[in-house]
Structure formats: structure tokens, C-alpha cells
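K.L.:
take this sequence and fold it.
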Amino acid sequence: MNITHPPIMKKPLITSIYTADPSAHVFKGILYIYPSHDIDTDIPFSDNGSHFDMKDYHVLSLKDFQSPVIDHGVSLHITDVPWASKQMWAPDAAYRDQTYYFYFPAKDHEGIFRIGAATSPSPIGPFKAEPNPIAGSFSIDPAVFIDEDGCAYMYFGGLWGGQLEKWQAGTYDPEGRCPTENEPALAPKFARLKSNMLEFDGPVQDIVITDPDGQPLLAGDTDRRFFEAPWVHKYNGLYYFSYSTGDTHFLVYATSENPTGPFVYRGRILNPVVGWTTHHSIVAFHGKWYLFYHDSTLSNGVTHKRCVKFIELTYNPDGSIKTIDP
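P.N.:
Residues are numbered from 1 along each chain as shown. Modelled structure (predicted):
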């Protein structure tokens, strides 16, 4: 357990462990947060993120913002996943037909990132992993959105350490490179999920993000182009696709009338925080919207030892999101 927090707070949600990449969901009236679990490592910093060598996942929960945060302990460990070798990065969760689904990226035994799935009758686990990664999956940062019509989608992808640029030809190419500055930026990916929530229902496709004039964002537009950390939520009938710009450290968003896009860039959600990475989720809870994110303030700026935080999110009358300055 940890200390209680009022609804608007920029202190760590929990301080007993290092947490990052929070995926927040409300299941049966309780808020659950599915973060990655940062640990100490002697691996030096690198742009491919090798120093983020996480090995397990915890689940956090709270009934309201006056209640203590509960750490339910390890819900899945890398030793429980036959196909995975290391680096259990940002996860997500979903609920359907009395089953809770947990999605996570990890490197397989060939060093290639895949996305795995695990299930449990409880939102806090323990989760039982499927013996193999989701067929056709690659890269990192799975985010699952179930629309009001029951259709489920997985969004995913991440550059550099996330290996997205190595899949441009449809198969893994270790020599794959990002486009040049004047070429269209690499697109995040999505796939529909079958009703069993464990398989892709059709091919992996691009999420197109354009500027307000309908032109694709360019790879050199690093303040706006996709880097990693996709998330989708729906507000007033509009779909919001939010993501991290990575090396420029912004959380930004684009909107569409369709969950598969194309999405039009709208602006920034969160300005840079302490630390290199930025990763988030957006959820409604008790009638208000909240942004869950992380920074490295708990470790005084150590990039791979982060802490989850949250703050209320505010929409303007035109549906745009007010930028938060941490």
C-alpha cells in the first residue's frame, strides 16, 4: 500500500517500487493501473533502450482518490512466458466475457520484439501466458481499445529500440532504418482482434496521421510524428489517438471519426517531464478524465527508474485538450 492522493496530484502514485508506462482501466468501478516495473541494472544507457531490462509486472488499484493505492504484487514474470527472453516493456489490459486479458511486449529468443497475451479470471492476475506470441505481432507498446459496437483493436509500435523501422518490408530486417527527414514518418500499426481477444483478425495495417491540411507528417517533424506509446480513447463521439514523440519528449494527440483513422494532428497533451521517456494512458473515472503518465523524479532523474503519476485532463469546448505543463 501507499499514501492517499487527492484527484489532482503530481506526486508518485506509489513509491515502494519503480513503475512506468501506466495503462489505466476501470473494471467494475475500480481503477486498475497496469504499469511496467523498472529495476536496477548495470546496462549503460543507449538509444535502443537496453537499460530498460524489466522482468515482471505488478498491478495497482484504488477504489477512489481518497483510498490507498494497493500493489497486488507480481502478476506475470518473464519466467512464466516460454517464448520471451527479456525486456518486458509497456503493457495493457482488457476485459471481455468474464476474462481479463493482459498484453505485453518482450524480446523472443532471437532478440526480436513480439507481443504476447495472457489471461486471468481476476483483474489483478496472476495471468497465464499463451505459449506463443500473437501471430503476426511485432514491435512494442500494445494498447487495446474495445469500441461501443464490440469491435476490439490493438494499436502498437515504437521506433529505435521498439524495432518498428525494421519491419517496413513486412519481415524483420536488422538493417532497417527510419525514413529521411523529408519522407513520410513511419506509421503506428493496428490490427483488429478476434472475439477470443488472443489473435489478430486480419492483416496489420497503418494508422495514418496527417497535419490539419491532410498532408502526412514527415519523419523530420519530430515534435509531431509518432515515435511510440499509442493510446486510443473516445470522448463525445470522437476518437483520440495519443502517442509519444520520443526524442522530443512530448505527449501529443490526433483525432478521427473512425477508430482506424485517418487521424488529424491536434496538439500537445503533456510537455516534457524529468527523464527521457514519456508514456501514458487516458481514462474516465468518477465523472472526470485523467492522464496517467510517468517521469523520473522519484530517482532524481535516473532514466530507467521511473514513477507513475496522474493529473486531471481538461477538454476545451471544441474537443481539443488543454496542454499540461508538468
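
K.L.:
what sits closest to Arg306 if chain neighbours are left out?
P.N.:
Spatial nearest neighbour of Arg306, excluding adjacent residues (C-beta to C-beta, 6 or more residues apart in numbering): Ala20 at 3.9 Å. (Each C-beta comes from the backbone N, C-alpha and C, glycine too.)

K.L.:
for that neighbour, which residues count as its bridge partners?
P.N.:
Bridge pairing for Ala20 (DSSP bridges) gives the partners Ser36.

K.L.:
okay, now the unreliable bits of the protein?
P.N.:
For the chain, the stretches with pLDDT under 70 are 1-10.

K.L.:
can you give me the helices for it?
P.N.:
Using DSSP state H, the chain contains no helices.

K.L.:
show me the contacts for His72.
P.N.:
Applying C-beta atoms under 8 Å, 6 or more residues apart in numbering to His72 gives the contacts 58-61, 124-125.

K.L.:
whoops, Val274 was the one
P.N.:
295-297, 301, 326.

K.L.:
any quick ChimeraX command for the buried ones out of the residues you listed?
P.N.:
ChimeraX command restricting the contacts of Val274 to the buried ones, with burial defined by 16 or more other C-beta atoms under 10 Å:
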select :295,296,297
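
K.L.:
burial measure for the nearest residue in space to Leu13 that is not next to it in sequence, as a count.
P.N.:
Spatially, and ignoring its direct neighbours in sequence, Leu13 is nearest to Val308 (4.6 Å; C-beta to C-beta, 6+ apart). Neighbour count for Val308, taken as other C-beta atoms under 10 Å: 26.

K.L.:
isn't Val308 right next to Thr19, touching?
P.N.:
Yes. Counting by C-beta atoms under 8 Å, Val308 does reach Thr19; the two are 4.5 Å apart.

K.L.:
joint contacts of these two?
P.N.:
Joint contacts of Val308 and Thr19 (C-beta under 8 Å, 6+ apart) are 13, 35, 60, 294.

K.L.:
rewinding a little: out of the contacts of Val274, which comes closest to Gly202?
P.N.:
Checking those against Gly202 with C-beta to C-beta, the nearest one is Asp295 at 37.2 Å.

K.L.:
ok, now which ones touch the closest one?
P.N.:
Neighbours of Asp295 in contact, by C-beta under 8 Å, 6+ apart: 273-275, 278, 306-307, 309, 326.

K.L.:
so how far is Thr245 from it?
P.N.:
16 Å (C-beta to C-beta, to the nearest Å).
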